[in-house]
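> Coordinates for the following, if possible.
(one chain, ligands or ions: 1)
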Amino acid sequence: MSRIAYVNGQYVPHSRAFVHIEDRGYQFADGVYEVFAVHHGRLIGQQGHLDRLAHSLAALQIDWPMGKRPFMVAVNEVVRRNHVTNGLVYIQITRGVARRDHGFPAQCESALVITARKMPALHKPTLSKGINIITIPDIRWKRKDIKSISLLPNCLGKQQAREAGAFEAWMYNEQDEITEGTSSNAWIVTADGELVTRDVSHSILNGITRLAVLEAAAAAGLTFSERAFSRQEAAEAKEAFITSSTSHVKAVTRIDDAPVGNGHIGEMTARLLDLYVAYIEEKGGPVKTDRWS
Ligand code: PDD
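Got it, this is the predicted structure:
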């Protein structure tokens with residue numbers, strides 16, 4: 001069955017889904033994106049993704065291509081037409097098509113592309129198995145809170161991880177603090193048992209999964225700290241994991257080729273994976289979605 005994409009008002013076969021060569025996304029990476037998880041037929045974190053998209057668009061002064069209601073109709077329609085029960089939806093909004101000139105065009109209609117893809121259903125044993133990560137310098141710009149399509153440093157980092165036999169790379173800044181993964185948020189349980197993930201600022205993308213895990217943890221009475229943590233703390237951590245809409249809550253069992261804790265998923269990580277799944281199945285995603293930077 002052929003895949004269907006939404007491109008600027010039309011549903012078209014994926015193989016014939018094109019945008020103009022002077023789309024500013026293509027020439028300047030002048031656009032933003034979102035990735036929604038679809039879990040058992042339900043879009044996860046819908047309000048959060050919409051609010052974060054609004055934040056990213058406002059930061060770049062890009063207009064919504066349409067109202068939020070018809071926008072969500074299109075998103076759901078792409079999911080339906082592609083028969084995605086478990087998988088993801090990709091949404092990209094660029095400033096649109098204009099003659100190449102760095103400054104914003106006086107008149108330009110923002111361009112919208114939506115695709116959806118099936119993925120294996122969330123599977124706790126797979127997420128529990130544990131992945132290797134490496135640490136690399138964070139060479140990105142200073143507005144990581146914007147979900148920009150300008151992802152070259154992230155792509156370079158992910159490729160470096162793959163070449164090292166790792167699943168993800170955690171990036172560290174000039175203070176030797178971990179910021180986040182190339183496409184995920186970073187978490188540790190310190191040697192003293194403190195659950196830590198970096199606080200929200202311009203230094204990270206505030207993940208929808210991150211927010212859901214924090215809410216699920218709080219609802220279960222667990223304590224946590226939103227603060228910067230160093231590469232050293234990560235190296236000495238008892239447990240580590242990543243969160244994202246595609247990785248959910250995934251255990252990290254090796255950092256820079258050294259085992260984390262006993263080299264298996266930790267107790268807290270396993271608990272948070274269970275809590276996260278129960279939380280999204282009950283609430284559909286994080287409830288509080290108003291802080292992005
Ligand atoms: N990435 N940090 C970065 C840099 C990311 O790219 C992502 C998500 C996250 C986690 O955000 P969320 O929980 O909302 O998925 C954090 C998506 C999945 C991607 O680029 O494909």
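> which residues does G263 contact?
130, 253-254 (C-beta atoms under 8 Å, 6 or more residues apart in numbering). No exception for glycine: its C-beta is placed from N, CA and C like everyone else's.
> Repeat the analysis, applying 6 Å as the threshold.
Under the criterion of C-beta atoms under 6 Å, 6 or more residues apart in numbering, the contact list for G263 reads T253.
> going on from the helix or strand containing V73, what's the next piece of helix or strand?
For V73, the host element (DSSP states H and E) is helix 68-81. Per DSSP H and E, helix 68-81 leads on to strand 87-94 as the next helix or strand towards the C-terminus.
> Check which residues of that following strand are buried.
For strand 87-94, the neighbour count (16 or more other C-beta atoms under 10 Å) marks 87-89, 91-94 as buried.
> which one of those is nearest the ligand?
Using C-beta to the nearest ligand atom, L88 comes nearest to the ligand of these, at 7.6 Å.
> quick one: that closest one and G285, what's the gap?
Distance, L88 to G285, using C-beta to C-beta, to the nearest Å: 14 Å.
> do L60 as well
According to C-beta to C-beta, L60 and G285 sit 24 Å apart.
> Give me the more crowded residue out of those two.
Set L60 next to G285 and count neighbours by other C-beta atoms under 10 Å: G285 wins out with 24 against 16.
> Quick check: the more buried one vs S15, distance?
Distance, G285 to S15, by C-beta to C-beta: 32 Å.
> For my notes, confirm L112 occurs in a strand.
Yes - judged by DSSP: H, G, I helix; E, B strand; the rest coil, L112 forms part of a strand.
> re earlier: can you spell out which helices and strands pack onto the helix holding V73?
Counting contacts by 3 or more C-beta pairs under 6 Å, 6 or more residues apart in numbering; DSSP states H and E, helix 68-81 packs against strand 4-7, strand 111-118.
> Number of residues surrounding T243?
Using other C-beta under 10 Å, T243 is surrounded by 26 other residues.
> Test my guess that it contacts A212.
No - using C-beta atoms under 6 Å, T243 is not in contact with A212, being 8.2 Å away.
> so which of the helices and strands packed on helix 68-81 gets nearest the ligand?
strand 111-118 (10.9 Å).
> helices or strands up against the following helix or strand past the closest one?
As assigned by DSSP H and E, the chain's next helix or strand after strand 111-118 is helix 124-128. Helices and strands touching helix 124-128, by 3+ C-beta pairs under 6 Å, 6+ apart, are strand 248-255.
> ok so L272 is a helix residue?
Yes - under three-state DSSP, L272 falls within a helix.
> need the contact list for it.
Residues counted as contacts of L272 (C-beta under 6 Å, 6+ apart) are 213, 249.
> Model confidence at it, what's the number?
Looking at L272, its pLDDT stands at 98.
> any idea how far A220 is from it?
Distance from L272 to A220, by C-beta to C-beta: 9 Å.
> can you check N8 too?
Taken as C-beta to C-beta, the span from N8 to A220 is 44 Å.
> so I114 makes contact with Q92?
No - with contact defined as C-beta under 6 Å, I114 does not reach Q92; the gap is 7.9 Å.
> who's the residue nearest in space to the middle of the chain bridged to?
Centroid-nearest residue in the chain, with C-alpha atoms, centre = their mean: S244, separated by 4.8 Å. For S244, the beta-bridge partners are H248 (DSSP bridges).
> so it makes contact with S184?
Yes - at 3.9 Å, S244 counts as touching S184 under the criterion of C-beta under 6 Å.
> Excluding chain neighbours, what is closest to the residue in the chain that the ligand sits nearest to?
Sorted by distance to the ligand under C-beta to the nearest ligand atom, the residues of the chain start with G207, at 2.8 Å. The shortest distance from G207 to any residue other than its chain neighbours is 4.4 Å, reached at N185 (C-beta to C-beta, 6 or more residues apart in numbering).
> Count the residues that sit near that neighbour.
Around N185 sit 24 other residues, with neighbours defined as other C-beta under 10 Å.
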